[in-house]
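Q: After the sequence you'll find the predicted model.
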Amino acid sequence: MKEMDPYIDKITPLFLQYGIKSVSMDDIATQLGISKKTLYQVYKDKTELVKKTMENIKGAMASITDDYNPSDLNVIEKEIEQRKKYIETYRELKPSFIYDLKKFYPNIFNDFRSFKSDFIRRSTEKFIREGQKQGLLREDIDVEFMCKLSIMLFSAMFYPEIEAFTESDLSSKKYSDQFFIYHMNGICSEKGRHLFNELFKEKLL
């Protein structure tokens, strides 16, 4: 059972929105409505806060998928609903947060990158195999390739030096929607594409 943390749910949005470096322990104490002395009684230092923040993010990501796994929705409905939840939860996530994590907390960054890569691989494989059984995804999809491609595309946020997308692009709903449309129309069967495009217009636009 996950150990309850009295403050981390309020601290996480600060880091996600403003980055890690620009948020001081004074800022955090003010946000929590406690003194800086009390904050240091709860957390040893900022590194511990960052580590707990990342555990919080990993737990939230896993719970979004877990919430929909037992449902009777088909894979396209699940994918759309899960994506809506991710956007609601992480819309304020800025590339500067990832940059700070990578530069100042490399061990925590590498742990998160490994977690996310494994998470994407498992969820992508499950999604494709279920979708193929339901006749909603193309039968000729190479599952291993799609897993690797999904990991690579997610990794673009980790490496802004590639410069294919700007920071505003990476956090833009418009670009996220365009990628989602491109991706889903590429892997869906004719039946799946028809369903996806109907649901996308109904639920997301």
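A: Structure's in. What do you need?

Q: so what's the residue nearest to residue 130 when sequence neighbours are not counted scoring on pLDDT?
A: Of all residues not flanking residue 130 in the chain, residue 75 sits nearest, at 4.9 Å (Cβ to Cβ, 6 or more residues apart in numbering). (C-beta placed from N, C-alpha, C; glycine too.) You'll see residue 75 listed with a pLDDT of 95.

Q: Let me see the contact set for residue 75.
A: 127, 130, 131, 134, 136, 137 (Cβ atoms under 8 Å, 6 or more residues apart in numbering).

Q: Please repeat the previous calculation with a cut-off of 6 Å.
A: By Cβ atoms under 6 Å, 6 or more residues apart in numbering, the contact list for residue 75 reads 127, 130, 131, 136.

Q: so what does the helix or strand harbouring the second one touch, helix or strand wise?
A: Taking DSSP states H and E as the definition, residue 130 sits inside helix 106-133. In terms of contact count using 3 or more Cβ pairs under 6 Å, 6 or more residues apart in numbering; DSSP states H and E, helix 106-133 is assigned the packing partners helix 46-68, helix 75-90, helix 143-155.

Q: For these, give me TSV that also has distance to residue 6.
A: Converted to TSV, these look like this (distance: least, Cβ to Cβ, whole Å):
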stretch	distance to residue 6
helix 46-68	11
helix 75-90	20
helix 143-155	31
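
Q: Let me know which of those is the nearest to residue 168.
A: The closest of those to residue 168 is helix 75-90. By Cβ to Cβ, the value is 15.6 Å.

Q: so what does whichever strand or helix holds residue 17 touch, helix or strand wise?
A: Assigned by DSSP H and E, residue 17 belongs to helix 8-18. Secondary-structure packing of helix 8-18 (3+ Cβ pairs under 6 Å, 6+ apart): helix 46-68.
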